[in-house]
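Asker: Coordinates for the following, if possible.
(one chain, ligands or ions: 1)
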Amino acid sequence: MKTKKTGQQFDTTFYKEIYEGLTAFPKYISSKWFYDKEGDHLFQQIMHLPEYYLTGCEYEILDTHTAEIASLFSGKDGFELVELGAGDGKKTKVLLNHLVAKNIPVTYKPIDISQNALDNLEQDLQISLPDLQVVTQQGTYFEVLEKLCKRSGQKKTVIMVLGSNIGNLNHEHAVSFLSDIQKCMTADDLLFMGFDQKKDPTVILNAYNDSQGVTEAFNKNVLKRINKSLDANFDCEAFKHWPTYDPETGTTKSFLVSTKAQKVNLNKLNLEINLSPWESIHTEISQKYDDHIVDWLARQSGLRVIQQFEDSKRYFTDYVFKK
Ligand code: AVI
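Answerer: Numbers count the residues shown, from 1 in each chain. Next up, the predicted model:
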């Protein structure tokens, strides 16, 4: 079963949000629009970069604690594993391999905003784990949670959000996201979520400013996407990628800074905008956490941490929550 959002609904939200962000002061574009086909491809590359430690650390956690995590997840008569923002599912596959090998009944429900990512994942699982029951769903977290809340089955559900995807939300939105999840959980259900931790600021900044320029291309790709789909004329090469990290708040912010004055026409929006030299467009936040912040977020959302798993460098933590 696949649920596809119609092109028109998608366009309306995209047009509206891009219009709002580029006519605001200061200007912004939500990082959720990074993920078109090229954006997915660039993010795949980022996950393999030596500087982008998050993927390797979380992989290590899942690989080291597979059996313990699997037994925590297993219900009396199997369970449903709902993964929000599944991407290429590479880390999850460690767990899925184990579940299939141990004959633990599971239905894997990967969810992603990118249909392209889901198609690739489904194809890959059909070949590597043909016995696994997989049900994909395309959509935003919010649409998917609505469906989850209306589910009629009695099976235990484990909701999984890996990769510190929650870090792309500010605290206010993170609390409402966690609260939305909490409302859909029964007392038996679990939430398993990855949170990138505060650490040496240099390590963090390097992760968002890699030496090969892939993260720069990833940020600039959103302008290319706007150029293509909104018939616009951003001079993408005239922008500088500028990530910052504030160790007090734990917030990494990425900006695209215009190195010159630009008049940009966005023909499909019937909009013309002006950028002054060195004016910024805020593109992404990647929040970093510690146990106190995560506890606080959990309490604000009606959840509690029941267990946590760390990598050997203590760069990254996967927390298990109950309501
Ligand atoms: C998907 N998300 C958690 C990534 C992050 O670390 O914020 C996206 C990313 N942005 C730049 N590099 C990776």
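
Asker: How is Leu125 assigned, secondary-structure-wise?
Answerer: helix (DSSP: H, G, I helix; E, B strand; the rest coil).

Asker: Please give me every residue in contact with the residue in the chain that the ligand sits nearest to.
Answerer: Using Cβ to the nearest ligand atom, Ser286 is the residue of the chain that sits closest to the ligand, at 3.3 Å. For every residue, glycine as well, the C-beta is placed using N, CA and C. Contacts for Ser286 (Cβ atoms under 8 Å, 6 or more residues apart in numbering) come out as 164, 167-168, 196, 208, 251-252, 254.

Asker: who wins for most neighbours among those?
Answerer: Asp196 (25 neighbours; other Cβ atoms under 10 Å).

Asker: Looks to me like it is in a helix.
Answerer: No. Using three-state DSSP, the assignment for Asp196 is strand, not a helix.

Asker: Skipping its backbone neighbours, what lies nearest it in space?
Answerer: Ser164 (3.8 Å; Cβ to Cβ, 6 or more residues apart in numbering).

Asker: phi, psi of that neighbour?
Answerer: phi 60, psi 40 (degrees, to the nearest 10).

Asker: Over to the one 4 residues further on?
Answerer: Phi and psi for Asn168, reported as degrees, to the nearest 10, are phi -80, psi 0.

Asker: returning to that earlier point: next, the residue of the chain closest to the ligand: secondary structure please.
Answerer: Assigned with three-state DSSP, Ser286 falls in the strand class.

Asker: For it, give me the pLDDT.
Answerer: Here, the pLDDT recorded for Ser286 equals 98.

Asker: and if you look at the one 3 residues further on?
Answerer: Confidence per residue is given as pLDDT, and for Tyr289 that number is 98.

Asker: Spit out the contact partners of the residue nearest to Asp196.
Answerer: If a contact means Cβ under 8 Å, 6+ apart, then Ser164 has 54, 58, 194-196, 286-287, 316 as its contacts.

Asker: which pair in the residues you listed spans the largest distance?
Answerer: Across the contacts of Ser164, no pair lies farther apart than Glu58 and Gln287, at 15.7 Å, counting by Cβ to Cβ.

Asker: show me where pLDDT drops low in this protein?
Answerer: Low-confidence segments of the chain (pLDDT under 70): 1-10, 153.

Asker: residue furthest from the geometric center of it?
Answerer: Going by Cα atoms, centre = their mean, the residue of the chain most distant from its centre is Ala261, 32.6 Å out.

Asker: what's the distance between it and Ser276?
Answerer: For Ala261, the distance to Ser276 (Cβ to Cβ, to the nearest Å) stands at 6 Å.

Asker: Quick check: end-to-end length of stretch 194-209?
Answerer: Start-to-end span of stretch 194-209 (Cα to Cα, to the nearest Å) is 22 Å.

Asker: and stretch 162-179, how far out from the chain's middle?
Answerer: The gap between where stretch 162-179 is centred and where its chain is centred comes out at 9 Å by Cα atoms, centre = their mean, to the nearest Å.

Asker: Give me the distance between the two termini of that stretch.
Answerer: Per Cα to Cα, stretch 162-179 runs 17 Å from first to last residue.

Asker: residue boundaries of the strands in the stretch 51-200 of the chain?
Answerer: Ranges of strands in the stretch 51-200 of the chain, per DSSP state E, counting those that start in this stretch, are 79-84, 106-112, 133-134, 137-138, 156-161, 190-196.

Asker: So what's the residue count around Pro105?
Answerer: Pro105: 14 neighbours (other Cβ under 10 Å).

Asker: Nearest spatial neighbour of it, chain-adjacent residues omitted?
Answerer: With sequence-adjacent residues excluded and distances taken as Cβ to Cβ, 6+ apart, Pro105 is closest to Gly78, at 3.1 Å.

Asker: For that neighbour, list each beta-bridge partner.
Answerer: Beta bridges link Gly78 to Lys76, judged by DSSP bridges.
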